[in-house]
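Asks: just the structure for this:
(2 chains)
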Amino acid sequence: MALITKAVRGTRDVLPDESFKMQHIEQTALAIARDFGFREMRTPVFEHTELFQRSVGETTDVVQKEMYTFQDKGERSITLRPEGTAGMARAFLEHGLNNGILPVKISYLTSCYRYEKPQAGRLREFNQFGVECFGSAKPQSDAEVISLAHLLLNELGVTGVSLQINSIGCPTCRSKYHKELKSYFEARGGELCETCHGRLERNPMRILDCKSPICAGIAQDAPVMLDFLCDECRLHYDSVKSFLDEAEIEYEQNPRIVRGLDYYTRTVFEFVSDALGAQAVVCGGGRYDGLIEELGGRPLPSLGFGMGLERLLMVMEAKGAKFPEPPQCEVYLASMGQAAVKRCFAIVTNLRRGGVSAECDTVGRSLKAQMKYADKIGARYTIVVGDNELETGIAALKDMQSGEESPIHLDDSLYTTLYNKLLDRQLANVADLLGEAAE
RNA sequence: GUGGAUAUAGCUUAGUCGGUUAAAGCGCCAGUUUGUGGCACUGGAGAUCGUCGGUUCGAAUCCGAUUAUCCACCCCA
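Replies: Residues are numbered from 1 along each chain as shown, chains lettered A, B, ... in the order given. Below you'll find the predicted structure:
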């Protein structure tokens, strides 16, 4: 087949066999967020370019080389969102939510766009679940947001992730640290790798993260941000940790975590998976106390995280996480002859009106082929309707798992009979689940 | 953006030193005596061998370019 064109590089299609898994992830995420008091918000895919320049930061890689930016017909500079927080913060301010009850707790599911070189776990269009908590300075808020991510990962059956946390301080203590760090690396500048040489000027903290053995060796003895935290930042950080301890959430302190977006302050954290190769960060976030002011609002301490849905799915599959059963047909009506085709269509329509998933033949298959089809789509029951059944008004209801057949009347009692059967089955399932839970 | 690997039916793969109609399993469709699925058997559809160009009497196979995927760097979710 010579197709005219294919999916654009770095994008991917979610086929029916997979989409119910995505739905499961999304619904679980929103439900847990709801339990934590986070309500869903939706913002446009594109924004004015300056929003991201200001919030994400002019010097970051994301803004400098990864944004999908274009001029629209009104000559506005438009950018497809590269991340979720900026748009949420913009909408939060634009609609004056900051004048209501604080904190404002927001959750979202969005697609994001970054022009990067694709590889496993890294797409140009990817989906993110995230939360934002606007208007809370307290460390328990940090712990709350972290515990939300923690619980969600647990609930989804994700194993083998470790929570890494760090504090990158506030602008005041960080600038002191930057100076110190810079002079440390400058002293040994000649030994650093090429990329790190460039980082010296722009963002010396990134050198700490370098994988080159030479740089890593030098970084080993470099000054650590934690030692430079001002009293308030130190207190905050310690307090976050104590709340995590209190909630029995395990974490590792990792002084090398440096977020690539400029708006982060104080607490930063990542959930890192051991199943993902180079793209191991499933969830990343932190506090951004300066962002709201940066966007023109009154200063408002806030925080949040983003979680990559495609990566999450990859980890779940790698770890053999359980997914709910894909939805299946409950009743299949097999027909023989014109009169039966019409009767089946009517019955199926009524079943569907009653919320029962039902199907009948629409392509003119033989009876045998219809039975095969019913088997393939996982129908729980089938009813065969032909001339005989139309005449007697009685058909056989076949349980496709056991193969047992029982008579069923082709009148209005059909619906109640079926409904009761399905209900019994559901009750049995619930009982099974309860039994499992009890063990 | 840098480096490396790969590219054959819907999926997973085979294809020997270039040589006729490119092979298999799974999946799909149909049939195995006429009204019943899962198993088995039989048959069928489905591939311009990623794309374009070159070498050659002849290319899935050799060469070049291009595109896409994967891996690492980078970056991040």
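Asks: which non-adjacent residue is nearest the residue of chain A found nearest RNA strand B?
Replies: The nearest approach of chain A to RNA strand B comes at A:Gly260, 0.9 Å away (C-beta to the nearest atom of the strand). C-beta here means a position set from N, CA and C on the backbone, and glycine is covered the same way. Spatial nearest neighbour of A:Gly260, chain neighbours left out: A:Thr60 (5.8 Å); criterion: C-beta to C-beta, 6 or more residues apart in numbering.
Asks: surely the residue of chain A closest to RNA strand B meets A:Gln64?
Replies: No. Counting by C-beta atoms under 8 Å, A:Gly260 sits too far from A:Gln64 to count as a contact (11.0 Å).
Asks: OK, contacts around A:Arg298?
Replies: Contacts of A:Arg298 were listed using C-beta atoms under 8 Å, 6 or more residues apart in numbering, and they are A:Asn98, A:Ile292.
Asks: identify the bridge partners of A:Lys398.
Replies: Note on A:Lys398: beta-bridge partners by DSSP bridges are A:Thr382, A:Glu405.
Asks: might you report the residue contacts of it?
Replies: Contacts of A:Lys398 were listed using C-beta under 8 Å, 6+ apart, and they are A:Tyr381, A:Thr382, A:Ile383, A:Val384, A:Glu404, A:Glu405.
Asks: same thing with A:Tyr237?
Replies: By C-beta under 8 Å, 6+ apart, the contact set of A:Tyr237 is A:Pro139, A:Ser167, A:Leu226, A:Leu229, A:Arg266, A:Thr267.
Asks: and it, what helix or strand is that in?
Replies: For A:Tyr237, the element it lies in under DSSP states H and E is helix A:231-246.
Asks: output that helix as CSV, nothing but the C-alphas.
Replies: What follows is helix A:231-246 as a C-alpha-only set of coordinates in CSV (Å, rounded to 0.1, in the frame of the first residue of the first chain):
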residue,chain,number,x,y,z
ASP,A,231,17.8,29.7,57.0
GLU,A,232,14.3,29.9,55.6
CYS,A,233,14.9,27.6,52.7
ARG,A,234,16.7,25.2,54.9
LEU,A,235,13.8,25.2,57.3
HIS,A,236,11.4,24.7,54.5
TYR,A,237,13.3,21.8,53.0
ASP,A,238,13.7,20.0,56.4
SER,A,239,10.1,20.4,57.0
VAL,A,240,9.1,18.9,53.7
LYS,A,241,11.2,15.9,54.5
SER,A,242,9.7,15.5,57.9
PHE,A,243,6.2,15.5,56.4
LEU,A,244,7.3,12.9,54.0
ASP,A,245,8.7,10.9,56.9
GLU,A,246,5.4,11.3,58.7
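Asks: mind putting the contacts of A:Lys398 in a markdown table, neighbour count, distance to RNA strand B and pLDDT included?
Replies: A markdown table is the format used below for these (neighbours: other C-beta atoms under 10 Å; distance: C-beta to the nearest atom of the strand, whole Å; pLDDT from 0 to 100):
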| residue | neighbour count | distance to RNA strand B | pLDDT |
| --- | --- | --- | --- |
| A:Tyr381 | 23 | 10 | 96 |
| A:Thr382 | 23 | 6 | 96 |
| A:Ile383 | 26 | 9 | 97 |
| A:Val384 | 22 | 4 | 96 |
| A:Glu404 | 10 | 8 | 92 |
| A:Glu405 | 14 | 7 | 93 |
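Asks: wait, which of those residues is closest to A:Ile249?
Replies: A:Tyr381 (46.4 Å; C-beta to C-beta).
Asks: which residue comes closest to that closest one once chain neighbours are left out?
Replies: A:Val331 (4.8 Å).
Asks: contact partners for that neighbour?
Replies: A:Val348, A:Leu351, A:Val356, A:Ser357, A:Ala358, A:Glu359, A:Ala379, A:Arg380, A:Tyr381, A:Thr382, A:Ile383, A:Leu418.
Asks: quick check: which ranges of chain A have low pLDDT?
Replies: Residues of chain A meeting the criterion pLDDT under 70: A:1-2, A:189, A:194, A:202, A:210-213, A:439.
Asks: how many neighbours does the residue nearest to A:Glu116 when sequence neighbours are not counted have?
Replies: Distances taken as C-beta to C-beta, 6+ apart place A:Glu66 nearest to A:Glu116, at 5.6 Å, with adjacent residues excluded. For A:Glu66, the count of nearby residues is 16 (other C-beta atoms under 10 Å).
Asks: which helix runs longest in chain A?
Replies: Ranked by number of residues, the top helix in chain A under DSSP state H is helix A:413-438.
Asks: packing partners for that one?
Replies: helix A:338-353, strand A:394-399, strand A:405-409 (3 or more C-beta pairs under 8 Å, 6 or more residues apart in numbering; DSSP states H and E).
Asks: turn the contacts of A:Tyr237 into CSV, including distance to RNA strand B, secondary structure and neighbour count.
Replies: Formatted as CSV, these follow (distance: C-beta to the nearest atom of the strand, whole Å; DSSP: H, G, I helix; E, B strand; the rest coil; neighbours: other C-beta atoms under 10 Å):
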residue, distance to RNA strand B, secondary structure, neighbour count
A:Pro139, 21, helix, 21
A:Ser167, 16, strand, 28
A:Leu226, 19, helix, 16
A:Leu229, 21, coil, 23
A:Arg266, 16, strand, 26
A:Thr267, 14, strand, 26
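Asks: would you turn the helices and strands packed on helix A:413-438 into TSV with distance to A:Tyr177?
Replies: Below are the helices and strands packed on helix A:413-438 laid out as TSV (distance: least, C-beta to C-beta, whole Å):
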stretch	distance to A:Tyr177
helix A:338-353	64
strand A:394-399	70
strand A:405-409	76
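Asks: how about the host helix or strand of A:His150: buried residues?
Replies: Here A:His150, judged by DSSP H and E, is contained in helix A:139-155. Judged by neighbour count (16 or more other C-beta atoms under 10 Å), helix A:139-155 contains these buried residues: A:139, A:141-153.
Asks: so where do the strands sit in the stretch 101-250 of chain A?
Replies: Listed in chain order, the strands of the stretch 101-250 of chain A (DSSP state E, counting those that start in this stretch) span A:104-113, A:125-134, A:161-167.
Asks: those strands: which one's closest to A:Ile78?
Replies: strand A:104-113 (11.6 Å).
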